[in-house]
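Enquirer: No sequence on hand, only this structure:
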């Protein structure tokens, strides 16, 4: 049944996930989706990399969402990431001033993605990280992972997740390429498979 | 080797048997597809083989994943939830209204969150440049909509009944008519992308994407209900579809944290 009676908790069961499919490209991506940082902000970082399948081939049709806190660790409650233009029905783009913390990026034909956002601050007991959600044709349920930025070894060593995943922790820590740029590849399957998360 | 519907049918039957055995052995009901569902061939190289790492969110209420991005009135325009009014002319096809409520696992309404939809036109063609299906595009229909849920978690779209369309998973593969939904909750952990189907579609048993949800009751939750009360006289047929988000939500919200 698709009419849910909230008065009957045993009937409130989750709607199953499905793949995003191959044809979301004219619907979900929006102008400036990857430009999350306000223009000229001094704490801007660029995170980029490839999304790869089990054969090591890049995915030209993956969709990523990036979500992270401000540099001071607070979480924005600011809308306007996908501002619409009532005149044309198109996207206006972000206003370049406010920080929504959230962006959406489609991999390009080479399977490459990037996001420019603010360096996340630490929250709770975790080292600073960006939350990433991966969608793709062929992926029946999206996958969550995290991009930890290198630099603060003490914070990384104390992180509750990183301490649990053994040798695989390297798949969660981006590589510093200098000038505020970090490389983070996402391997869906096979050697060096990225750690993916299940929230309970 | 050319894959036939018969090959895929046998694989899907084997998956159903395997699920029944898991249930009989005491495993929990599976509300979502398994990511390694081989009858849907694109999944084969695109699912992780390592088990996911569980995060107990009760241990750390500060996780950013327990917060959600915000969306507001400037992220939608007035006609974004009416896919029949986005061009100068009327789209071809049967007008429908699709409405329902967005709820969390406790049955509480999820308010002010973004729902995005996209779909094929009435001929089964997406307005996507890489879509090669030989069916006509409709210059008056793009098939993209978005809305914010209201104070009771309700959403409402006016659109065109999408057509079924062929795809290349195997020979003579056809997708049942469906509308894609992308939904946000009050926590990023509740993120959902899925597809809504229409009642009594004869293509259901042949489709490995729908059948990837091996639990019968869960599969039924992807099928909208025809609701005569929602049909608009001399205008559109009504379908009702409630959405329940999975995943833990924050038990409290502290503004700005």
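Expert: Alright, I've got the coordinates. Treat the numbers as computed from the prediction; the structure is a model and nothing was measured.
Enquirer: Next, residue B:103: phi, psi?
Expert: phi -130, psi 160 (degrees, to the nearest 10).
Enquirer: if I pick the closest residue to it other than its chain neighbours, what's in contact with it?
Expert: Using CB to CB, 6 or more residues apart in numbering or on different chains and skipping the chain neighbours, the partner closest in space to residue B:103 is residue B:244 (5.0 Å). For the C-beta atoms, the positions are set from N, CA and C on the backbone; glycine is no exception. The contact partners of residue B:244, by CB atoms under 8 Å, 6 or more residues apart in numbering or on different chains, come to A:4, A:12, A:13, A:14, A:15, B:103, B:104, B:105, B:107, B:221.
Enquirer: What separation is there between residue B:244 and residue B:81?
Expert: Distance of residue B:244 to residue B:81, given as CB to CB, to the nearest Å: 21 Å.
Enquirer: And the contacts of residue B:244, which two are furthest apart?
Expert: Within these, B:104 and B:221 form the most distant pair, 14.8 Å apart (CB to CB).
Enquirer: Let me know how buried residue B:20 is, in neighbour terms.
Expert: 11 (other CB atoms under 10 Å in any protein chain shown).
Enquirer: next one: residue B:222
Expert: Count around residue B:222 with other CB under 10 Å applied: 22.
Enquirer: Now do the lengthiest helix in chain B: which elements does it pack against?
Expert: In chain B, assigned by DSSP state H, the helix with the most residues is helix B:5-24. For helix B:5-24, the elements it packs on are helix B:208-211, judged by 3 or more CB pairs under 8 Å, 6 or more residues apart in numbering or on different chains; DSSP states H and E.
Enquirer: quick one: contacts of the very next helix or strand once past the helix it packs on?
Expert: Later in the chain than helix B:208-211, the nearest helix or strand by DSSP states H and E is helix B:216-220. Applying CB under 8 Å, 6+ apart, the contact partners of helix B:216-220 are A:1, A:2, A:13, A:14, A:16, B:29, B:30, B:31, B:32, B:210, B:211, B:213.
Enquirer: Give the buried subset of those residues as a PyMOL selection command.
Expert: Selection of the buried residues among those in PyMOL, burial being defined by 16 or more other CB atoms under 10 Å in any protein chain shown:
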select buried, (chain A and resi 2+13+14+16) or (chain B and resi 31+32+210+211+213)
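Enquirer: in chain A, which spans are strands?
Expert: Per DSSP state E, chain A carries strands over the ranges A:44-52, A:62-67, A:102-106, A:112-118, A:129-136, A:143-148, A:175-176, A:181-183, A:186-187, A:197-199.
Enquirer: for chain B, same thing?
Expert: B:53-55, B:95-103, B:114-119, B:144-148, B:154-160, B:165-167, B:173-175, B:178-183, B:192-197, B:225-226, B:237-240, B:243-244.
Enquirer: In the longest one, which residues are buried?
Expert: Spelled out, it's strand B:95-103. Per 16+ other CB under 10 Å, strand B:95-103 contains these buried residues: B:95, B:96, B:97, B:98, B:99, B:100, B:101, B:102, B:103.
Enquirer: correct me, but residue B:125 touches residue B:164?
Expert: No - between residue B:125 and residue B:164 there is no contact under CB atoms under 8 Å: 11.1 Å.
Enquirer: Neighbour count: those two, which is higher?
Expert: Neighbour comparison, residue B:125 and residue B:164: the larger count goes to residue B:125, with 22 against 17 (by other CB under 10 Å).
Enquirer: check contacts around that one.
Expert: By CB under 8 Å, 6+ apart, residue B:125 lies in contact with B:131, B:133, B:135, B:136, B:137, B:138, B:163, B:165.
Enquirer: rerun at 6 Å
Expert: B:133, B:135, B:137 (CB atoms under 6 Å, 6 or more residues apart in numbering or on different chains).
Enquirer: Tell me the spacing between residue B:86 and residue A:91.
Expert: Distance of residue B:86 to residue A:91, given as CB to CB: 14 Å.
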